[in-house]
Each structure stands twice: as C-alpha cells, then as structure tokens.
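Student: based on what follows, work out the 3D shape:
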Amino acid sequence: MTQIIIDSELREKLLQSTIVELVDDAGTVLGSFISYRQTPSDPNLIPPITEEERKRLHSEPGIYTTEQILERLRSL
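Tutor: Below you'll find the model as predicted:
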C-alpha cells in the first residue's frame, strides 16, 4: 500500500466530513476518503437516495426480488 503524507490543513478538511470525494484539478474523480472515526454501521456512510432516483431504479427492467433470484438458482 502506498502512503501519502498530508499537511495539517488537508487533514482538517478530511476530518470535517464522514465521506470526501477526491478530485484532481480537472474535476476527475480519483477516489473517496472515509474517515476511520466512523463505523460501518454509521447510517451516514450510506449515500442518500432521492425519491426520484428510487423510483427510477425500481422501474428499470431486470430488477428481481431476492426470492425470485433464489427461485431461479434452485431451478438450475
């Protein structure tokens, strides 16, 4: 693993939020930073989804319930 040493100013910026998106000067997303101060059970780690996005996802073809997937696997 590569370690990058950051200055105190960047450290404070990173620790002010739970999740930080890292981008270069052209706006290209390089990755994300999740603070170790948060636990995986923290609901803030789950990105919020709008009602519009939820409806769009559920209207797309190819969405199956868990039971439908298990039924299909049992039939193989």
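Student: pLDDT at residue 32, what is it?
Tutor: Predicted confidence (pLDDT) for residue 32: 88.
Student: who's in contact with it?
Tutor: By C-beta atoms under 8 Å, 6 or more residues apart in numbering, the contact list for residue 32 reads 19, 20, 21, 22. Glycine gets a C-beta too; all of them are placed from N, C-alpha and C.
Student: is there a quick PyMOL command that grabs whichever of these are buried?
Tutor: To isolate the buried members of the contacts of residue 32 in PyMOL, using 16 or more other C-beta atoms under 10 Å:
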select buried, resi 20
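Student: tally of neighbours for residue 61?
Tutor: 4 (other C-beta atoms under 10 Å).
Student: SS state for it?
Tutor: Under the three-state scheme (DSSP: H, G, I helix; E, B strand; the rest coil), residue 61 adopts coil.
Student: so residue 56 is in which element?
Tutor: When elements are assigned from DSSP states H and E, residue 56 belongs to helix 51-59.
Student: let's see which of the contacts of residue 32 end up in strands.
Tutor: Among the contacts of residue 32, the members falling in strands (DSSP state E) are 19, 20, 21, 22.
Student: can you redo the residues you listed as a markdown table with pLDDT and distance to residue 57?
Tutor: Output for the ones in strands among the contacts of residue 32, formatted as a markdown table (pLDDT from 0 to 100; distance: C-beta to C-beta, whole Å):
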| residue | pLDDT | distance to residue 57 |
| --- | --- | --- |
| 19 | 83 | 21 |
| 20 | 88 | 25 |
| 21 | 90 | 21 |
| 22 | 92 | 26 |
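Student: shaky segments in the protein?
Tutor: Residue ranges of the chain with pLDDT under 70: 37-47.
Student: that one: helices as residue ranges?
Tutor: In the chain, the helices defined using DSSP state H lie at 8-15, 51-59, 66-75.
Student: need the winner for burial among those.
Tutor: Most buried of the helices of the chain by mean neighbour count (mean count of other C-beta atoms under 10 Å) is helix 8-15; its value is a mean of 11.
Student: contacting residues around it?
Tutor: Outside helix 8-15, the residues that touch it by C-beta under 8 Å, 6+ apart are 6, 20, 33, 35, 37.
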